[in-house]
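Colleague: Sequence first, then the predicted structure, then my questions.
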Amino acid sequence: MAGDRGRRVTGRNNWGTVLATALVAVVMVVLVGPILLLAVFSFNDSSIIALPFEGFTFEWYRAAFSDPDVADSLRNSLVLAAIIAPLCVVLGTATAWGLTRFRFRGRGFWSALVAAPLVIPWLVMGVSGLLLFASLGIELSLMTVGAMHIAVTFPLVTALVSARLVRFERSQEEAAVDLGASQLQLMTKVVLPQLAPTLGAALIFAFAWSFNNFEISFFNGGYEQTFPVWVYSVLRRSDNLPIVNAVSTAVSVAQVLVVYGMWMALQAINRRRGSEETLTDMVGGGLR
């Protein structure tokens, strides 16, 4: 009887594993499949995205990276994202700390206000920003794009950091205060080291949100195009589709490598901290 019951349990576990694997496979095909097709057709020696292949070529990559508009749009998006991502991490972390660690009148209202950009469509945010700048007489430029990117990106960082702070062991903070730590020491020696993986993930998300944003960049940008706006302008001409495939493939590969590099760096930091510094040392000896 025990053997039969064990076989039934094993069978159910096997079926569960098979179904879970199949679900993950389907999700990966849906998510990664279009990107792989885009990469494959970027090497096709034809301006028509269809089978059969006309031949293998790097011509579209040469044409893409010799186009000054491509270089300008990529530079604009990279500069914006490189500035906005760390700024949003700072603003989002400070906001999350205030909302999770302090009790004040109107806290619920301010929490809802900060979270609002996460549920409002980017199209609405883009049009709203356009109307705001027009009413104030502000000329559209990369500065207006950056301002709106901050408005929609730092709430994401706030949500990520708040979720981590809610689960944070308050006893560590109390122990640090009991040992005479100042607020600065509490943040730098106790809180921020524990938040490092979350801050790294928030930095990646903030960079990606800013770099890949189209709606807000389209409505709030001037003559200087970001990369998504350039892609939209080129897609209206079918002869340039392979160039878009080539640039998008290169950008996707670069983003994957950056994310993987940051993930490996965070893993190395966690391993080093875990092997060289205990929690007691961090809270106690590290404050001396």
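Modeller: Nice, thanks for sending it over.

Colleague: switch to C-alpha atoms for all contacts and neighbour counts from now on
Modeller: OK.

Colleague: buried residues in the helix ranked longest in the chain?
Modeller: Scanning the chain for the helix with the most residues, using DSSP state H, yields helix 2-41. Going by neighbour count (16 or more other Cα atoms under 10 Å), the buried part of helix 2-41 is 38, 39, 40, 41.

Colleague: Same question for stretch 106-116.
Modeller: 111, 114, 115.

Colleague: Switch those over to CSV; also include distance to residue 220 and secondary structure.
Modeller: CSV is the format used below for the buried residues of stretch 106-116 (distance: Cα to Cα, whole Å; DSSP: H, G, I helix; E, B strand; the rest coil):
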residue, distance to residue 220, secondary structure
111, 26, helix
114, 21, helix
115, 21, helix
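
Colleague: Out of the residues you listed, which is nearest to residue 52?
Modeller: Taking Cα to Cα as the measure, residue 52 sits nearest to residue 115 out of these, at 48.2 Å.

Colleague: Next up, the contacts around the closest residue to that closest one other than its chain neighbours.
Modeller: Distance criterion Cα to Cα, 6 or more residues apart in numbering; nearest residue to residue 115, sequence neighbours excluded, is residue 155 at 5.8 Å. The neighbours of residue 155, taking Cα atoms under 8 Å, 6 or more residues apart in numbering as the test, are 92, 114, 115, 117, 118.

Colleague: Would you format the buried residues of helix 2-41 as JSON lines with pLDDT and distance to residue 30 included?
Modeller: Output for those, formatted as JSON lines (pLDDT from 0 to 100; distance: Cα to Cα, whole Å):
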{"residue": "38", "pLDDT": "78", "distance to residue 30": "13"}
{"residue": "39", "pLDDT": "79", "distance to residue 30": "15"}
{"residue": "40", "pLDDT": "80", "distance to residue 30": "16"}
{"residue": "41", "pLDDT": "79", "distance to residue 30": "17"}
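
Colleague: So residue 220 sits against residue 131, correct?
Modeller: No: using Cα atoms under 8 Å, residue 220 makes no contact with residue 131, being 9.3 Å away.

Colleague: Please identify which of those two sits among more neighbours.
Modeller: Remark: of residue 220 and residue 131, residue 220 carries more neighbours, 28 against 14, as counted by other Cα atoms under 10 Å.

Colleague: what about the more buried one, distance to residue 129?
Modeller: 7 Å (Cα to Cα, to the nearest Å).

Colleague: Check which helices and strands the strand or helix carrying residue 109 sits against.
Modeller: Using DSSP states H and E, residue 109 sits in helix 107-119. If you count contacts as 3 or more Cα pairs under 8 Å, 6 or more residues apart in numbering; DSSP states H and E, helix 107-119 packs onto helix 142-166.

Colleague: any idea how far the helix it packs on is from the chain center?
Modeller: Distance of helix 142-166 from the chain centroid (Cα atoms, centre = their mean, to the nearest Å) equals 10 Å.

Colleague: Report the buried residues of it.
Modeller: 142, 144-146, 148-162, 164-165.

Colleague: Redo the buried residues of helix 2-41 as JSON lines? Include distance to residue 79.
Modeller: As requested, those are exported to JSON lines (distance: Cα to Cα, whole Å):
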{"residue": "38", "distance to residue 79": "26"}
{"residue": "39", "distance to residue 79": "25"}
{"residue": "40", "distance to residue 79": "29"}
{"residue": "41", "distance to residue 79": "29"}
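
Colleague: The protein: helices as residue ranges?
Modeller: 2-41, 59-65, 68-101, 107-119, 122-136, 142-166, 170-178, 183-185, 192-212, 215-220, 227-235, 241-276, 279-283.

Colleague: closest to residue 53 out of these?
Modeller: Evaluated over the helices of the chain, closeness to residue 53 peaks at helix 2-41, with 8.3 Å, by Cα to Cα.

Colleague: Now do the closest one: which elements does it pack against?
Modeller: helix 241-276.

Colleague: what mean pLDDT would you report for the helix it packs on?
Modeller: Mean pLDDT, computed over helix 241-276, is 75.

Colleague: Next, the angle from that helix to helix 192-212.
Modeller: 180 degrees (axes from the mean of the first three to the mean of the last three Cα atoms, to 10 degrees).
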